[in-house]
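Visitor: quick one: sequence plus predicted model below, questions after.
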Protein chains: 2
Amino acid sequence: MNKARAVDTPDIPEASPAPLPRLGEMGLANFAPYLMNRITGRYNASLREEMAALGLTTAKMRALATLSVIERPLIRELAVYAVVEQSTLSRALDGLGADGLIRREPDPDDSRATRVQLTEAGRMAFESLWPHMAHAHEDMFRGISEEERAAFVATLQKVLRNIRKHDI
Amino acid sequence: MNKARAVDTPDIPEASPAPLPRLGEMGLANFAPYLMNRITGRYNASLREEMAALGLTTAKMRALATLSVIERPLIRELAVYAVVEQSTLSRALDGLGADGLIRREPDPDDSRATRVQLTEAGRMAFESLWPHMAHAHEDMFRGISEEERAAFVATLQKVLRNIRKHDI
DNA sequence: AAAGATTGATTGCAATTGCATTTTTTACTG
DNA sequence: CAGTAAAAAATGCAATTGCAATCAATCTTT
């Protein structure tokens, strides 16, 4: 009856905070975080086969991809860019190092810190992965105009700026 | 040398497949899958605290959220909507069932299949989670116009249609 | 310049996850 | 309609993951 009352008699409508929309009203298909989770889920799944062939986990793959673009980052920076927990990344780097795909180097200026670098073998491993990533990317935007893509990416960048915790 | 040849002498340029852009050229910040991973990573992380308070894992949370919108799906359908592996979902449902948040019911028409339903307690659990999800959602689009949001979601929907495997 | 606070990275441990397999039931095919 | 294939869900098991604690080095503050 509490419930019925709450629904039937909005006693203080003007004092109530912003009326929270309900998920059911807007629908899953209009909820951006849901859509992004679905999309990235499938994107990542589509790469899993190639990753498995190279003996890579998601964390290792992301580290490789990031290292192919960012030069000699600190491990903590790499963790942010690659969207991987630091402890997870630490172990991923162990594996990549054992396979000779990356190299850890002490930072010259801060002896707590470690920088990471792709080896030649690591670069080659990523090169063999990249076509599949590019292909999955192509698939995503099939039939979507260049303008729409650009606008979409621009919004993604704004959103990331809105919610990121680190300013990298 | 095979490699060198391929690079140096594009014998059949008109037959060569689309020249693959390099990740380094376009930059991480313009690669949509990367941006989406960063964003969903932070979105999910921002909910982890509330989830932990309710004793939920990501899989359980997604199942709850989906069940709040989709009525009595089959487990296999729920797995697609919630973007969770079936085996993972099966165990997540075990946990949710033990906590009395969901109920499994045999499908009347197919005795292999099981349908899942939110209990009243399950609905309340989701209700207590939803404000945080809505808030994280608000944060994402802070300062972004209604038109831009709408266009963004429309593109997300197109992308999902492009890459989804199931037609759910 | 010493003590405490902070930062970078690793590690112990438990828990979540994913793959492959199994079990049960339904669908298909000759 | 018998027999095989396929689908739905659950389970065994190994591996990835995340949290918390740890170790080491630097920064801060008085």
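Guide: Yes, it's here. Numbering: from 1, shown residues only, chains lettered A, B, ... in the order given.
Visitor: starting from the helix or strand bottoming out on mean pLDDT in chain A, tell me the next helix or strand along the chain.
Guide: Within chain A, no helix or strand scores below helix A:2-8, which has a mean of 39 by mean pLDDT, DSSP states H and E. Following helix A:2-8 in sequence order, the next helix or strand is helix A:23-26 (DSSP states H and E).
Visitor: okay, strands next: where are they in chain A?
Guide: Using DSSP state E, the strands of chain A run over residues A:102-106, A:114-118.
Visitor: quick one, which of these is nearest to DNA strand C?
Guide: strand A:114-118 (3.9 Å; Cβ to the nearest atom of the strand). Using the backbone N, CA and C atoms, a C-beta is placed for each residue, glycine as well.
Visitor: check whether that closest one contacts DNA strand C.
Guide: Yes. Looking at strand A:114-118 against DNA strand C by Cβ under 7 Å from any atom of the strand, the contacts come from A:114, A:115.
Visitor: got the buried residues for that strand?
Guide: A:114, A:115, A:116, A:118 (16 or more other Cβ atoms under 10 Å in any protein chain shown).
Visitor: of these, closest to residue B:30?
Guide: residue A:118 (20.5 Å; Cβ to Cβ).
Visitor: kindly report the residues of chain A close to DNA strand C.
Guide: Residues of chain A lying close to DNA strand C by Cβ under 7 Å from any atom of the strand are A:48, A:74-77, A:86-87, A:90-91, A:93-94, A:104, A:107, A:110, A:112-115.
Visitor: show the buried residues in those residues.
Guide: A:75, A:77, A:93, A:114, A:115.
Visitor: let me have the strands of chain A in JSON lines, adding mean pLDDT and distance to residue B:153 as columns.
Guide: Output for the strands of chain A, formatted as JSON lines (pLDDT from 0 to 100; distance: least, Cβ to Cβ, whole Å):
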{"stretch": "strand A:102-106", "mean pLDDT": "97", "distance to residue B:153": "38"}
{"stretch": "strand A:114-118", "mean pLDDT": "97", "distance to residue B:153": "37"}
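Visitor: can you list those in JSON lines and add distance to residue B:161?
Guide: Formatted as JSON lines, the strands of chain A follow (distance: least, Cβ to Cβ, whole Å):
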{"stretch": "strand A:102-106", "distance to residue B:161": "37"}
{"stretch": "strand A:114-118", "distance to residue B:161": "36"}
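Visitor: now the residue nearest to the spatial centre of chain A, nearest residue through space, not along the chain?
Guide: Most central in chain A under Cα atoms, centre = their mean is residue A:83, positioned 5.3 Å from the mean C-alpha point. Using Cβ to Cβ, 6 or more residues apart in numbering or on different chains and skipping residues adjacent in sequence, the residue nearest residue A:83 is residue B:41, 4.1 Å away.
Visitor: low pLDDT regions in chain A?
Guide: Along chain A, segments meeting pLDDT under 70 span A:1-18, A:166-168.
Visitor: how about a cut-off of 80?
Guide: For chain A, the stretches with pLDDT under 80 are A:1-20, A:164-168.
Visitor: show me which residues of it are close to DNA strand D?
Guide: A:57-60, A:84-85, A:87-88, A:91-92, A:110-112.
Visitor: determine which two of the residues you listed are furthest apart.
Guide: The span of those, defined through Cβ to Cβ, is set by A:58 and A:111 at 30.8 Å.
Visitor: which one of these two has more residues nearby?
Guide: Neighbour count, other Cβ atoms under 10 Å in any protein chain shown: between residue A:58 and residue A:111, residue A:58 has more, with 17 against 8.
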